[in-house]
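Enquirer: Have a look; sequence and predicted model below, questions after that.
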Amino acid sequence: MPRKPLEPPFTIEHLSILDSDANLDAALEPEIAPDVLKQMYRAMLLGRRLDERMVRLQRQGRVGTFAPIKGQEASQIGSVFTLRRTDWMVPSFREAAAMIWRGWPIEKLLAFFAGRLEGGQPASDQHDLPITIPVASQLPHAVGLAYAVQYRGDDAVVMTYFGDGATSEGDFHEAMNFAGVWHVPVIFVCQNNQWAISVPLKKQTHSRTLAQKALAYGFPGVQVDGNDVLAVYAASREAIARARAGDGPTLIECVTYRLGVHTTADDPTRYRSEEEVREWERKDPLTRFSAYLEKKNLLEQGLEQQIDDEIARAVQSFESLGPADPLTMFDHAYGEPPPHLLAQRAEVAERLRRGAEGKPAEEPTVPTPMRGQRKTSRWAN
Amino acid sequence: MPRKPLEPPFTIEHLSILDSDANLDAALEPEIAPDVLKQMYRAMLLGRRLDERMVRLQRQGRVGTFAPIKGQEASQIGSVFTLRRTDWMVPSFREAAAMIWRGWPIEKLLAFFAGRLEGGQPASDQHDLPITIPVASQLPHAVGLAYAVQYRGDDAVVMTYFGDGATSEGDFHEAMNFAGVWHVPVIFVCQNNQWAISVPLKKQTHSRTLAQKALAYGFPGVQVDGNDVLAVYAASREAIARARAGDGPTLIECVTYRLGVHTTADDPTRYRSEEEVREWERKDPLTRFSAYLEKKNLLEQGLEQQIDDEIARAVQSFESLGPADPLTMFDHAYGEPPPHLLAQRAEVAERLRRGAEGKPAEEPTVPTPMRGQRKTSRWAN
Amino acid sequence: MGKLNMVKALNLALLQEMERDEDVLVIGEDVGVDGGVFRVTEDLHRKFGSKRVIDSPLAEAAIVGTAVGMALYGLKPVCEIQFSGFAFQGFHQLENHAARYRQRSQGRFHCQMVVRMPYGGGVRALEHHSESEEQFYAHIPGIKMVIPSGPRNARALLVSAIRDPDPVVFFEAKALYHAAREDVPDEIEALPIGRAHVDRQGGDLTLVAYGAMLRVAREAAQILHDEDGVESEVIDLLTISPLDRETLAASVNKTGRAVIVHEALRSFGPGAEIAASIMEGAFLSLEAPIRRVAAYDVPFVGFAREKANVPDVGRVVAAARETLAF
Amino acid sequence: MGKLNMVKALNLALLQEMERDEDVLVIGEDVGVDGGVFRVTEDLHRKFGSKRVIDSPLAEAAIVGTAVGMALYGLKPVCEIQFSGFAFQGFHQLENHAARYRQRSQGRFHCQMVVRMPYGGGVRALEHHSESEEQFYAHIPGIKMVIPSGPRNARALLVSAIRDPDPVVFFEAKALYHAAREDVPDEIEALPIGRAHVDRQGGDLTLVAYGAMLRVAREAAQILHDEDGVESEVIDLLTISPLDRETLAASVNKTGRAVIVHEALRSFGPGAEIAASIMEGAFLSLEAPIRRVAAYDVPFVGFAREKANVPDVGRVVAAARETLAF
Ligand SMILES: Cc1ncc(C[n+]2csc(CCOP(=O)(O)OP(=O)(O)O)c2C)c(N)n1
Ligand SMILES: Cc1ncc(C[n+]2csc(CCOP(=O)(O)OP(=O)(O)O)c2C)c(N)n1
Ligand SMILES: [Mg+2]
Ligand SMILES: [Mg+2]
């Protein structure tokens, strides 16, 4: 009857396998086929290279705001590689590398960031949701999908992505709680990149780790070195095995870092130090993984060029898309367009036909900056 | 670098001092002045007696839906007694006993449950928010108040109440998280009465305790026997001391039980067993506390009658309120009524003046049941 | 089935659709063992079990949000929000997602789901239990907003809502749950969404109403007939959005005058769109300004003052007479 | 102060009000060190510190909800919601509480607070970053809904909003942030909330607009003047709710014709109330149906199609000509 600590105590584990100096903890090394290791590296490098290209395209006004992934390649690729095609992937907005691995053509991503609805359409056989912009709001969808999987008795799991900032939203909490109660096959992958735009983790939550938030929902949470693709892979594989076995959800916190801007509209020099960035650059997930592959003799020659060519082809094919047809904006609002929408569509069609006075002007090619008026911007004053 | 449990581990304590058989853990017994003990018992008994009266009034159509507190008297009184008048109290909708102790006249509560706006007005010197109906939505207000207290450098703490069901809402999560980050003087008192209407705790969350949810926010959580007024008092006093000292928030989970209906519109026989209720009746907070007081020779004679008289006087004064003036519904919508509202007010005034055709009919005295159509109801079919 | 009240009629719709289609499931607070606080889901839990009739944790955003996920997978969830006053907690899931997935994914996904909620006054309820929030849903494209006015059309519209490929917000007037019984046929009946019903024909005045206000409009029409010899056409909207503008315009092109009745607040309320669209469709026929009889623009009045706030027959008759006398 | 763009003008209002009144504080995502993603709160953090300029965790409901608590205590929080598209996450705190505490407590408490948010299109932004949701706030009594149209009135209205004893939802058109500079006086200036501004006088036609659409209406008026010899009266609403019905009616009683322009979706949008209220106030003067030029009723079009969706000068001129020709 006295004041007594509840037993067993609550624990959270931290997992690290390949450290920033590429030292391997061989006891924990996951078994991954050499081919898969090579594919993983390729996918990470593709993420990195595409990032750089995207930022340039945005600066040139050829796409709009883009959220780079630089630094987070291991978190994304280590986790997404443990999924089967028939599993479900529910992204936020910063998973370009993972999405490409899941089968999104690069030109579709380009179209998406160029403000084209076409960019949000998954292929009919793809088990992927499109990008979600409202932070954390996709998490209940992942849980609902997992419920449906279980309801139908299908053999699939759901993996969903979000950031450290997302853990503050009510949607995160409600989704985690439903997942716990329903005991559904969903894996919550938190890419804790230390920042939510300008807000550092310590202003985001007073919790020691993000992984421990799982304790509130009664299912396992684990913290991994998110720049260590082997650790992410190992933790994800374990979580997926648990989910597939009917043993419920897992929260994986990948401790990583956003090396680049929040989005192309952001200026991180306003809120974080160069030293911090440089410190994390030393923990680059690509460097240590390439060292690991080097030792295994799995590094391909000319890979970078090959990838750049692939990206270039995608950019070309994206740029050869004709102008967006305004009339298609009325498609897919409803299953069947209601009469008032048909009338509105007719109005636009008539306007387009008449040309002249009613004609919608061409889009400006230089984007109005959304935020972070860089000092060089013509908007600065 | 291996997979390592984070240190120190996370612990949650359980506190119990006076058990259901009125056995006292003397080592933990809090020091409470005899007068205060008597007041506490009186407040608990008042809660119990008012409850019964309210339910009768509702059945007679003299008030509307009411949420009884029977069984939860210790959770409310043990905690609210640790507040000063200058501290803030933020209720949900099931804190009649605590609200009365805070200075709400019984007739105001009656007015509130009779659908009269007058019932929601705290006295001008009262540091109490009115009843909040949307579950968990008051929790951010409590945190904001605590922030304001700290901002102004005032000497006060904030205590807020909510149920087990409330912990599932996004508002709970966001409020707890803000409280943790801001480190403000707020005490979250969760009356875990095992049920959210018909939903039992195990369908509400997969977490072992509710107290452990505090781990997600990096501040202390403690579980107490919520039917043990001494334990609730001790835990609350400790939490308040911490808050006053600038050491931040606490979550207190009071493990208790709603012995009565959810509200007067509810029929609990549909969802829970008589045995369960009887088991909890054996843990009645009043029984054990009166035994404790008995031993201390602090039980007053005729207390029940005294309380019943007080309630009867309040009922009388409530019933002598004139009919509600419809025109006052336009007051307090805005600081200054805008023109369109003045026009609407004038329309109603004219209607009332003209009487006849436009006159609003009298309210029916037999309420339309909101839910739980009892078999005896004239609505049953 | 014989004569059913609206609760039973809605229950029947759920039961029969769940029998027909395994993908239909029910989720909400207390919808399972308790059968819903208004008993609309009564017995479904016993019949279909807790996987198909889900007593969810207390969280509206996740009720709607997980239902979105289920719908993306191909299930057809019917959510119950316990009272419409608490739906704002999950409003972002409707606006950000349920309404948008079809367009966002260019048809690859869509959300075939229903969000049912009791709305409106008349049951002596506390704050957030008496309001009428249909306007908020009507302004969200991609979503349909339906409000039946009696047991039979409630059942038929709920069937259509469940089968509709788009998300449907389905409001049920608490005041109607036990107000009347109607003959409800055994065989499943469906009513098209998006179509208003001419409940009474007349050439002098158009009364537009829906939900619990239909009976107010009906009674007003009868009084106007009996006392003034005026023939009112009563239009029961049934679907708020997409609005049946054609039926509205056709009626007012005939009558030249219109009074709109709703429990929602007046300013920026549904009556505004109804009036504007009548004006667009029947401008030259209009003989008097269109009047709106609605709740006043105050947050909450308490049930002790509710009667003075919610439109009643007297107010509708008075507005009609002023319109006729214009 | 000389010529300022809207960002700087808003920043000035915040700065000066915070200097005047210690109870004014700022809370939101990235409003502190970063100065807000649009830089409206630039430098405030440096000047007033992190207790008064709060970089909150990422949670809109708690931003609004804790601000409600602060306001109940007597502080005057100014919340920033990063984009209006994310305000629905906190919508229940506005509707359930900010709007209601005064009435619920019968005057004992009230919420003197402002919720600022960037809204509208024109900045090549992704989903939820281009929408215009003013209708949702206009329908909530107890709340005021303000949308300035330029640097000077933005500053003056923000000052009034901060001083207003009621909660004010304050929309800032992203397209206007850097669009123009205006002379903004050094001394604090306040404009009354609830009052529309007649931006251009004319007797032939009333053009009603606000926010970023004001300049569209202005240009349309100029073209109508130049090409058609038509004198348009341009009304800049400034406050959406409470709506300045008198100014609207007075104008249309003079002109007999009106065209309403807004970026919000057309159906059940703000134009409906504006039209209905004009009809109520100027029925006998109306010579043509009131037209609404608005965004179409689709969830989201993407910025590649945005120009075809958001009203432009051509559409307004065309609507005006049809109205004039009616
Ligand atoms: C509900 C919501 N609020 C605000 C935003 C604006 N916003 C976009 S990203 C972002 C920060 C997200 O931080 P985090 O979750 O850590 O993800 P990261 O960007 O670091 O990948 C914010 C505030 C949004 N998209 N959605
Ligand atoms: C946001 C919201 N959703 C639903 C309801 C309806 N409702 C009222 S009380 C209640 C259950 C509350 O359970 P709990 O938090 O455990 O408190 P208790 O009633 O047991 O005191 C529900 C669902 C509400 N008031 N608010
Ligand atoms: Mg982050
Ligand atoms: Mg409970």
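Expert: Thanks, I have the structure now. Ligands and ions are numbered 1, 2, ... in the order given.

Enquirer: Can you classify A:Glu190 by secondary structure?
Expert: You called it Glu, but residue A:190 is Cys. strand (DSSP: H, G, I helix; E, B strand; the rest coil).

Enquirer: Name the residue of chain A that lies nearest to ligand 1.
Expert: With CB to the nearest ligand atom, the shortest gap between chain A and ligand 1 falls at A:Gly163, namely 2.2 Å. Quick note: C-beta positions are derived from backbone N, CA and C, even for glycine.

Enquirer: That residue touches A:Asn192, doesn't it?
Expert: Yes: contact criterion CB atoms under 8 Å: A:Gly163 and A:Asn192 qualify, at 7.2 Å.

Enquirer: How much space separates the closest residue in space to the residue of chain A closest to ligand 1 that isn't next to it in sequence from ligand 4?
Expert: Spatial nearest neighbour of A:Gly163, excluding adjacent residues (CB to CB, 6 or more residues apart in numbering or on different chains): A:Gln191 at 5.5 Å. Per CB to the ion, to the nearest Å, A:Gln191 is found 36 Å from ligand 4.

Enquirer: again with A:Met89
Expert: 37 Å.

Enquirer: So that residue belongs to a helix, correct?
Expert: No: counting by three-state DSSP, A:Met89 is not found in a helix; it is strand.

Enquirer: Now do the contacts for it.
Expert: Residues in contact with A:Met89 (CB atoms under 8 Å, 6 or more residues apart in numbering or on different chains) are A:80, A:83, A:98-99, A:102, A:127-129, A:158-161.

Enquirer: In the sheet, which residues pair with it? Tell me.
Expert: With DSSP bridges applied, A:Met89 shows beta-bridge pairing to A:Asp128, A:Met159.

Enquirer: Quick check: pLDDT value at it.
Expert: Looking at A:Met89, its pLDDT stands at 98.

Enquirer: which residues in the stretch 1-150 of chain A form helices?
Expert: A:34-59, A:73-80, A:96-101, A:106-113, A:139-152 (DSSP state H, counting those that start in this stretch).

Enquirer: Of all these, which one comes closest to ligand 3?
Expert: helix A:73-80 (10.9 Å; CB to the ion).

Enquirer: Can you name the residues of chain A that neighbour ligand 3?
Expert: A:163-164, A:193, A:196 (CB under 5 Å from the ion).

Enquirer: how about those in a markdown table, adding pLDDT?
Expert: Listed next are the residues of chain A next to ligand 3 as a markdown table, based on pLDDT from 0 to 100:
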| residue | pLDDT |
| --- | --- |
| A:Gly163 | 98 |
| A:Asp164 | 98 |
| A:Asn193 | 98 |
| A:Ala196 | 98 |
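
Enquirer: Show me which of the residues you listed is closest to ligand 4.
Expert: Using CB to the ion, the residues of chain A next to ligand 3 come closest to ligand 4 at A:Asp164, 31.7 Å.

Enquirer: Please report how far the closest one lies from chain D.
Expert: Distance, A:Asp164 to chain D, by CB to the nearest CB, to the nearest Å: 9 Å.

Enquirer: returning to that earlier point: wait, what's in contact with the residue nearest to A:Gly163?
Expert: Residues in contact with A:Gln191, defined by CB under 8 Å, 6+ apart, are A:72, A:75-76, A:94, A:161-164, A:226, A:254, A:256.

Enquirer: what does A:Val184 give?
Expert: A:Val184 makes contact with A:143, A:146-147, A:149-150, A:158, A:248-249 under the criterion CB under 8 Å, 6+ apart.
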